[in-house]
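Student: give me a 3D structure for the following:
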Amino acid sequence: MDDDPDITTTFKMGIEDANSITHNRRIEVHTYNDPAAALSEFQPNFFDLLLVDINLPHMNGFQISEKLLELDINVRVCFMSSGEINREGLREIYPAVSLGCFIKKPVNLDYLIERIKAELE
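Tutor: So this is what the prediction gives:
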C-alpha cells in the first residue's frame, strides 16, 4: 500500500517476477493506493504480509494497519518510509501495531524481496 501508483506497480511486477520468494510458493501481490479501498477489500485470513507506506492520504500507515489488525490479528506488517521514525513515540500512540519491520525508502527491489522472505519465514 502506497499512495504512489508507480511504486505499487513496480513492487508488484518485481515481486511477482522474482523466481522464488519462498521455498514452497510464489507470492501473489495485491496493490492499493488508497487506505479506504484497502480497508473495504481486506479479507481476514487471506493476506500473510502487508507492506504499508507510513505517509498515505486520509489516514497514515499506522492508522490503517491498526484497523486491519482488528480484522486479522495474524497478518504481519512491514512499514515503509523515507523519513525517520520515533518508534517509542509510536508505541505509545499505536500500542496494537507491531513496529518490528521497517523498510527505508527508496528501496532496492532485491533488498525488498529479501525482507519479504525474512518476514514470511
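
Student: tell me the average confidence for the helix or strand encompassing residue 14?
Tutor: According to DSSP states H and E, residue 14 maps onto helix 5-17. The average pLDDT within helix 5-17 is 92.

Student: flag every buried residue along it.
Tutor: For helix 5-17, a neighbour-count test (16 or more other Cβ atoms under 10 Å) marks 7, 8, 11, 15 as buried. The way it works is simple: take the backbone N, C-alpha and C, and place the C-beta from them, glycine included.

Student: from those residues, pick the one nearest residue 28.
Tutor: Closest approach to residue 28 among the buried residues of helix 5-17 (Cβ to Cβ): residue 15, at 9.3 Å.

Student: which ones are touching the closest one?
Tutor: If you count contacts by Cβ atoms under 8 Å, 6 or more residues apart in numbering, residue 15 has them with 21, 27, 29, 109, 112, 113, 116.

Student: which is the succeeding secondary structure element to the lowest-mean-pLDDT helix or strand in the chain?
Tutor: Lowest on mean pLDDT, DSSP states H and E among the helices and strands of the chain sits helix 87-93, with a mean of 70. Using DSSP H and E, the helix or strand that directly follows helix 87-93 along the chain is strand 101-104.

Student: sheet partners, orientation included, of that following strand?
Tutor: Strand pairing for strand 101-104, determined by DSSP bridges: strand 76-81 (parallel).

Student: circling back: what's the first helix or strand after the helix holding residue 14?
Tutor: Heading C-terminal from helix 5-17, the first helix or strand you meet, by DSSP H and E, is helix 35-41.

Student: what sits opposite the residue nearest in space to the middle of the chain in the beta ladder?
Tutor: Among the residues of the chain, the one closest to the centroid is residue 51, at 1.1 Å (Cα atoms, centre = their mean). According to DSSP bridges, the residues that bridge with residue 51 are residue 78.

Student: how much space is there between it and residue 116?
Tutor: Separation of residue 51 from residue 116 (Cβ to Cβ, to the nearest Å): 8 Å.

Student: what residues are shared contacts of these two?
Tutor: The contact sets of residue 51 and residue 116 overlap at residue 78 (Cβ under 8 Å, 6+ apart).
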